[in-house]
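A.B. asks: Sharing a sequence plus its predicted fold:
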Amino acid sequence: MPRLKIVGQHVKGYGVGKHYVGHPYYNNILQQLLGCKPYPGTFNMKADIDWRELAAKCEPYVIPGTRVGDTELGGVYVWRAWLGKIRVLLIRPLKSKHEPNVLELVACKKLEDYAGEHVVVEVECD
């Protein structure tokens, strides 16, 4: 499967990723895609590509938006990817307050070892 290399830098998030990754709606889907229970939080990276450009080059899996009770949950673009030898999901929530080139990683474990470093993610493209 061809891979698209994305280079970036770790950036601090708003601290809300854990809420969404832990939400049963998203968590069930992310768990199926990742093959494990995702760590409750995201690792944000400022990438050398805008999420719209990435979606044009490599088709994402789309988690559709939905309504759960009084809460409206936005859609999420998801790409299967690798951070070194670690299987990750590269995501872009469509309701994100981040700049278009800030993408988030979801993994089975906390990715704290990569904080502050130059980050290289390889996205699997069909």
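C.D. replies: It's in.
A.B. asks: in the helix or strand bottoming out on mean pLDDT in the chain, what's buried?
C.D. replies: When each helix and strand of the chain is scored by mean pLDDT, DSSP states H and E, helix 17-22 comes last, with a mean of 86. For helix 17-22, the neighbour count (16 or more other C-beta atoms under 10 Å) marks Gly17, Tyr20, Val21 as buried. To be clear about C-beta, it is placed using only N, CA and C from the backbone, and glycine gets the same treatment.
A.B. asks: where exactly do the helices run in the chain?
C.D. replies: 17-22, 24-34, 51-57 (DSSP state H).
A.B. asks: correct me, but Asp50 touches Pro100?
C.D. replies: Yes. Asp50 is within contact range of Pro100, at 4.4 Å (criterion: C-beta atoms under 8 Å).
A.B. asks: Is it possible to get the helices of the chain out as TSV so that each row also shows distance to Gly8?
C.D. replies: Output for the helices of the chain, formatted as TSV (distance: least, C-beta to C-beta, whole Å):
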stretch	distance to Gly8
helix 17-22	16
helix 24-34	20
helix 51-57	11
